[in-house]
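Undergrad: need coordinates for the following:
(one chain, ligands or ions: 1)
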Amino acid sequence: MKFAHISDCHLGGWRQPELQELNLESFKIAINTCIEEQIEFILFSGDLFDSAFPPIEILKETFAQFRKLKEKRIKSYVIAGSHDYSVSGKTFLDVLEKAGLCEICKFDEENNKIILKPLIHESFYIYGYPGKKSGLEIADLQKIQINESYQNHFRILMLHTTIEEVKGTLPIEAINLSELPKADYYALGHIHVDFEKEINDKPAVYSGPLFPNNFKEFEELKFGSFYIVDVEGYTKITKKEIKLKEIESFDIEITDALTGTQKIISELEKKDLTDKIVLLRIYGTLKKGKPSDIKFQEIQDYLEKKQVYSFLKNTSKLEIEEQEYQIQLQFSEMEKIEEVLIKKYKQDNPSNFNKLIPQLMGALSMEKQEGEKNSIFEARLFSELSKLLKVEFE
Ligand SMILES: [Mn+2]
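TA: Alright, predicted model coming up:
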């Protein structure tokens, strides 16, 4: 008897079309592998979609894959994650379930306890509790219970959360596995790592994201993964890596932005980058020039000529030496930060125009209403601005 454990697919997650394509491709490969390996069912431990309301194109492809599983009589058991969870309780997972393409784990709340209800698959009892935004599920998990009389079955507990063992130095809430009900397999999702550990002789596994979800994950994981679990007297777990494109990482220190572009290109020239995903991390303290002096367009053009598959850059560790660019930000609210920045700007650049800044920012933050036509929204925006600036727009 084999089952698969997949989590954090984040379908629809990348902005770059070529990476969104690979993300979806990973999903198809995982599904095909499950079919080839003739597994019984798949556990999806949250974040199947990157948002509660994924784009139609993504939904179409996802539904087609779930339908393929159904035709092969492979069942899908699902919990929501922190991304596809919605406070209103409405998510596309419900649509999948109503269409008969998956089953979502359910629970009852009574007397400050949360009793998980099993989804029963022959001798397997599958329990799960969804993830929530900002780790809000942790307090709930301390209250979950499983009916103990089912303990002679193979019990699976699916959770989308952080356990103490993977938390490391992350400043987030976590739960200790020993606080959770006993199970024979813990199918975990949420933290994008590849993690296996035995708890009371039972495997607790984070299956990894199915495809790296950001720059750092490309650097650290390189590839996405999922697990196949074989329960035949004993439990054998096998990691399946999904290798689609090779990754080439560059870590380049730049201190002179004026010569930076050339330095970067000469580093890139040393490798064959054809059809690879190129990660470019630029770090250092600039003594000459400013970050915008590094011509990323030129770098991008160079890489396109070299026919790379995709190019991602990260400049979060590139700093500027001069003090004047640094503003101490002690406020967490956006408006407070804006206030401080505007005040600083006014001191440095005295002008009559300055008094209009806050009002202009207010007017420009106006949002288009649901169902409002572009032309009407524009007219509304321009009338606000012309009032402020005392000019007429054609
Ligand atoms: Mn996730």
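Undergrad: so where does H192 fall, helix or strand?
TA: When elements are assigned from DSSP states H and E, H192 belongs to no helix and no strand.
Undergrad: could you pull up phi and psi at it?
TA: phi -80, psi 70 (degrees, to the nearest 10).
Undergrad: next, count neighbours for it.
TA: When counting by other C-beta atoms under 10 Å, one arrives at 23 neighbours for H192. Backbone N, C-alpha and C define where each C-beta goes, glycine included.
Undergrad: what sits closest to it if chain neighbours are left out?
TA: P209 (4.5 Å; C-beta to C-beta, 6 or more residues apart in numbering).
Undergrad: bridging residues for that neighbour?
TA: S7 (DSSP bridges).
Undergrad: so what sits opposite the residue in the stretch 151-300 of the chain that the ion sits nearest to in the bridge?
TA: For the stretch 151-300 of the chain and the ion, the shortest gap (C-beta to the ion) falls at H190, measuring 5.6 Å. In this entry, H190 is beta-bridged to T161, by DSSP bridges.
Undergrad: same question for L312.
TA: Taking DSSP bridges as the rule, L312 bridges to L279.
Undergrad: so what's it scoring on pLDDT?
TA: On the pLDDT scale, L312 is placed at 97.
Undergrad: which residue does the stretch 251-394 of the chain bring closest to the ion?
TA: At 18.6 Å from the ion, L312 is the closest residue in the stretch 251-394 of the chain, using C-beta to the ion.
Undergrad: N213 is in contact with L312, correct?
TA: No - look at L312 against N213 with C-beta atoms under 8 Å: they stay out of range, at 11.9 Å.
Undergrad: okay, the two: which has more neighbours?
TA: N213 (22 against 18).
Undergrad: find the nearest non-adjacent residue to the more buried one, please.
TA: H10 (5.3 Å).
Undergrad: against K72, how distant is the residue of the stretch 151-300 of the chain closest to the ion?
TA: 28 Å (C-beta to C-beta, to the nearest Å).
Undergrad: more neighbours, these two?
TA: Neighbour tally, H190 and K72, criterion other C-beta under 10 Å: the higher count belongs to H190, 25 against 12.
Undergrad: OK, contacts around that one?
TA: 7-8, 45-47, 81-82, 131, 159-162, 206 (C-beta atoms under 8 Å, 6 or more residues apart in numbering).
Undergrad: likewise Q65?
TA: Contacts of Q65 by C-beta under 8 Å, 6+ apart are 27-28, 31.
Undergrad: and the chain, what are its domains?
TA: Domain assignment of the chain by automatic domain parsing yields the ranges 2-242, 247-325, 334-389.
Undergrad: name the stretch among those that sits most buried.
TA: Comparing the domains of the chain by mean neighbour count (mean count of other C-beta atoms under 10 Å), domain 2-242 comes out on top with a mean of 18.
Undergrad: now the end-to-end length of that one.
TA: Terminal residues of domain 2-242 are spaced 19 Å apart (C-alpha to C-alpha, to the nearest Å).
Undergrad: near the ion too, which of the contacts of H190?
TA: Subset of the contacts of H190 in contact with the ion: 8, 47, counting by C-beta under 5 Å from the ion.
Undergrad: which one in the contacts of H190 is the model shakiest on?
TA: Within the set of the contacts of H190, pLDDT is lowest for S82 (88).
Undergrad: my understanding was that F63 contacts L96; is that so?
TA: Yes - between F63 and L96 there is a contact under C-beta under 8 Å: 7.1 Å.
Undergrad: residues shared between the contacts of those two?
TA: With C-beta under 8 Å, 6+ apart, F63 and L96 have no common neighbours.
Undergrad: which residues of the stretch 1-150 of the chain lie near the ion?
TA: 8, 47.
Undergrad: any low-confidence regions in the stretch 1-150 of the chain?
TA: For the stretch 1-150 of the chain, residues meeting the criterion pLDDT under 70 lie at 87, 89, 150.
Undergrad: against T255, how distant is the closest residue to P55 other than its chain neighbours?
TA: With C-beta to C-beta, 6+ apart as the criterion, P55 has its nearest non-adjacent residue at 5.5 Å, and that residue is G12. Using C-beta to C-beta, G12 is found at 39 Å from T255.
Undergrad: which residues in the stretch 251-394 of the chain form helices?
TA: For the stretch 251-394 of the chain, the helices defined by DSSP state H, counting those that start in this stretch occupy 257-268, 296-305, 334-348, 357-364, 374-389.
Undergrad: reformat those as TSV; add mean pLDDT and distance to E246.
TA: TSV is the format used below for the helices of the stretch 251-394 of the chain (pLDDT from 0 to 100; distance: least, C-beta to C-beta, whole Å):
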stretch	mean pLDDT	distance to E246
helix 257-268	96	15
helix 296-305	96	14
helix 334-348	78	40
helix 357-364	79	43
helix 374-389	82	43
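Undergrad: any chance of these in a markdown table, plus distance to the ion?
TA: What follows is the helices of the stretch 251-394 of the chain, written out as a markdown table (distance: least, C-beta to the ion, whole Å):
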| stretch | distance to the ion |
| --- | --- |
| helix 257-268 | 31 |
| helix 296-305 | 28 |
| helix 334-348 | 25 |
| helix 357-364 | 33 |
| helix 374-389 | 34 |
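Undergrad: right, I'll leave it there.
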